[in-house]
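[1] Here is my input, please return the structure:
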Amino acid sequence: MLTSDGSHIHISLSDQKGHVVGGHLKPGAIVHTTAEVALMPMTDVRVTREHCPLSGYRELVVHTDPM
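    Purely as a prediction, here's the structure:
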């Protein structure tokens, strides 16, 4: 997810034997061979980051109300 508040990107990686791991893409990651990226606009939702009193972090919130 790419927004004006930042990004939250999940990735899946595999080695030459087909073993796959996944996680979050963090700043500074280097792609050595191929990166396949799919970006899609989300026109029917509004996405924000709002302070969560439980975690203390600005958490992702997806609003489905009309924009």
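[2] give me the low-pLDDT residue ranges for this protein?
    Low-confidence segments of the chain (pLDDT under 70): 66-67.
[3] In it, mark out all the helices, start to finish.
    Read by DSSP state H, the chain holds no helices at all.
[4] my guess is Thr64 contacts Met42, does it?
    No. Look at Thr64 against Met42 with CB atoms under 8 Å: they stay out of range, at 10.4 Å. C-beta: built from backbone N, CA, C; applies to glycine.
[5] how much space between His10 and Met42?
    Using CB to CB, to the nearest Å, one gets 15 Å for the distance from His10 to Met42.
[6] now swap in Lys17 and tell me
    35 Å.
[7] Pick out whichever of these two has more residues nearby.
    Neighbour count, other CB atoms under 10 Å: between Lys17 and Met42, Met42 has more, with 10 against 5.
[8] Quick one: the strands in this structure, in order.
    Applying DSSP state E to the chain gives strands spanning 2-3, 6-7, 10-14, 20-24, 46-51, 58-63.
[9] That's all I had, so thanks and see you.
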